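Asker: Mind folding the following:
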Amino acid sequence: MSPSPLSGAQALVDALADPARRAAAYQSLLAAGPAARAAVLEGTHDGRWQVRRWCAIWLFHCPDPADFESLVPLLRDPRSKVRFVAMVALGVAHARVESHEIVPLLLERLFQDESLRVRRQAAVLLAWNHAHPDLAGVFAELERESDPKLRAWGRIGSARC
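Answerer: Okay, the predicted model is just below:
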């Protein structure tokens, strides 16, 4: 009896934790497309941060609006590399999701994340993809940040409002 496609996808998700097998496993998951979705979604709960991160990357490349809820918990992942990818997946690949669902999540990362890289990416996504007059105060506040890149994104966001 041959293994089911799901068990093959699960093995590929498991291989994402191994640097020597990661690239090939990821390419195979991409090639499998939607058939790998269930295994990838399960991988977002894996105890290994590398698996969570690469599953979020897969969700970026193969977006489905139904995956939104699976990405949200990754925004609070202990590892900043996982949070960063989840935020990009939500802010870019899931752009069809209503702004009122994404903007509060981006604002949370912008003002509460300990990683400057994550905060900068939240500012980019807000300024570029979700600029709105209601966020003028947020962008004005960014213009007073000590980080020059956050200040720059605050100016861009203000101009785009």
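Asker: so where's the protein shaky on pLDDT?
Answerer: 1-6, 93-99 (pLDDT under 70).
Asker: let's see it at 80
Answerer: Within the chain, the stretches with pLDDT under 80 are 1-7, 92-100.
Asker: State the distance from the residue nearest to the spatial centre of it to residue 31.
Answerer: Residue closest to the average C-alpha location in the chain (CA atoms, centre = their mean): residue 86, at 1.7 Å. Shown here: residue 86 relative to residue 31, a distance of 23 Å by CB to CB, to the nearest Å. For glycine as for every other residue, the C-beta is placed from the backbone atoms N, C-alpha and C.
Asker: The chain - how does it break down into domains?
Answerer: Per automatic domain parsing, the domain ranges recorded for the chain read 1-96, 98-161.
Asker: Tell me which stretches of this protein form helices.
Answerer: Applying DSSP state H to the chain gives helices spanning 5-15, 22-32, 37-43, 49-61, 68-71, 80-88, 99-112, 116-129, 136-142, 148-160.
Asker: Pull the residues that contact the fourth one.
Answerer: Residues external to helix 49-61 that are found in contact with it (CB atoms under 8 Å, 6 or more residues apart in numbering): 13-14, 16-17, 19, 22, 26, 29-30, 36, 40-41, 43-46, 67, 70-71, 74, 77-79, 81-82, 85-86, 88-89, 92-93.
Asker: Just the buried ones from the residues you listed?
Answerer: Using 16 or more other CB atoms under 10 Å as the burial test, the contacts of helix 49-61 include 13-14, 16-17, 22, 26, 29, 36, 40-41, 43-44, 46, 67, 70-71, 74, 77, 81-82, 85-86, 88-89, 93 as buried.
Asker: For stretch 15-27, measure first residue to last.
Answerer: Between the opening and closing residues of stretch 15-27 lies a distance of 11 Å (CA to CA, to the nearest Å).
Asker: contacting residues around that stretch?
Answerer: Stretch 15-27 is contacted from outside by 12-13, 43, 46, 48, 50-51, 54-55, 57-58, using CB under 8 Å, 6+ apart.
Asker: Before I go, just wanted to say thanks for your time.
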